[in-house]
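Trainee: Any chance you could fold what I've pasted below:
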Amino acid sequence: KRRTMYYYYYRRGILFSLTIGIIALLSFLGLTSNITTSSSNDDSLSLLQQRLLRRNLLSEGGDGSNTVTKQKQNNNNIMLKMYFGVGCFWHIQHEFIVRGERTILGRNNDNEITSKAGYAGSTNVGSDGRVCYHNFKGIADYGTLGHAEVVQFSLPLIEVQNFTRLYFSLFNPTTGDRVDPQDRGAEYRSVIGLPGGNSSNLFRAAIESVANETGYTLQSGVGSDPDTLGTKLVYVYDSNKFPFHQAEVFMQFRDDFQSPPYGP
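Mentor: This is a model prediction of the structure:
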């Protein structure tokens, strides 16, 4: 009887060990597959950078209600919202749709387009939290409140550097200023907004290097900052502290103002 019990437990031990071994092997194969897949789809940032940025962006974005969301897109890369501004938001929106969302991201369906014209760069708002375009009644005027004209959109984490390059290509290559210098005032200052601002790992990994290459100075925005015309200066805002406010419907999807005769 004792011998029978011995063989019983002996066989159970062997089965248990085999089961653990199989599970470990499957886990290893799954991990290897994930690493291979991720590496093959990483065109801009290293796998280690992506992991670090994901971790830090999620912590910087809080509950994710404003700026950072997870979506099953482009190999489950983190999707985030950023905004850019340089002069009038009409031509900026057009360029980010045509050269950014459609060309870089392949969003050919109009329903996929996320670029929206709006206002950002200040913590001030009008009654009921409104921020409005210039109006005769002066209600929640975005200029008076200290905001700039910007365009916000959603993009994959690994494409931030490419979109930053696109942004700096929108400046006049001869003067280094915005293409519409006749529009004067802080409403048209150059800005970049992202979760965490210039303290974000994303800023250091994907944005600062592009600015250095193109000769622009990045400075932390404090809100309601002055115009940047003639300075090659770009204010960087933490979009959690300085959120985006969508502009009126009639301000969306205007014609191209980047090309001549309006632009260079």
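
Trainee: So Tyr235: helix, strand or coil?
Mentor: Secondary structure state of Tyr235, per DSSP: H, G, I helix; E, B strand; the rest coil, is strand.

Trainee: for the residue nearest to it when sequence neighbours are not counted, what are its contacts?
Mentor: If you skip the residues right next to it in sequence, Tyr235 has Gly221 as its closest partner in space, 3.6 Å away by C-beta to C-beta, 6 or more residues apart in numbering. Every residue, glycine included, has its C-beta placed from N, CA and C. Under the criterion of C-beta atoms under 8 Å, 6 or more residues apart in numbering, the contact partners of Gly221 comprise Gly121, Val191, Gly197, Tyr235, Val236, Tyr237, Phe242.

Trainee: And for Gly138?
Mentor: Shown in contact with Gly138 (C-beta under 8 Å, 6+ apart): Thr144.

Trainee: pLDDT at it, what is it?
Mentor: For Gly138, the model assigns a pLDDT of 93.

Trainee: what about it, distance to Ser127?
Mentor: As for Gly138, its distance to Ser127 is 12 Å (criterion: C-beta to C-beta, to the nearest Å).

Trainee: What of Asn77?
Mentor: With C-beta to C-beta as the criterion, Asn77 and Ser127 are 39 Å apart.

Trainee: ok, the two, which is more surrounded?
Mentor: Between Asn77 and Ser127, counted using other C-beta atoms under 10 Å, Asn77 has the larger neighbour count: 22 against 7.

Trainee: pretty sure that one is touching Leu155, no?
Mentor: No - between Asn77 and Leu155 there is no contact, the gap being 9.6 Å when judged by C-beta atoms under 8 Å.

Trainee: Checking my notes, Thr231 in a strand, right?
Mentor: No - the assignment for Thr231, made by three-state DSSP, is coil rather than a strand.
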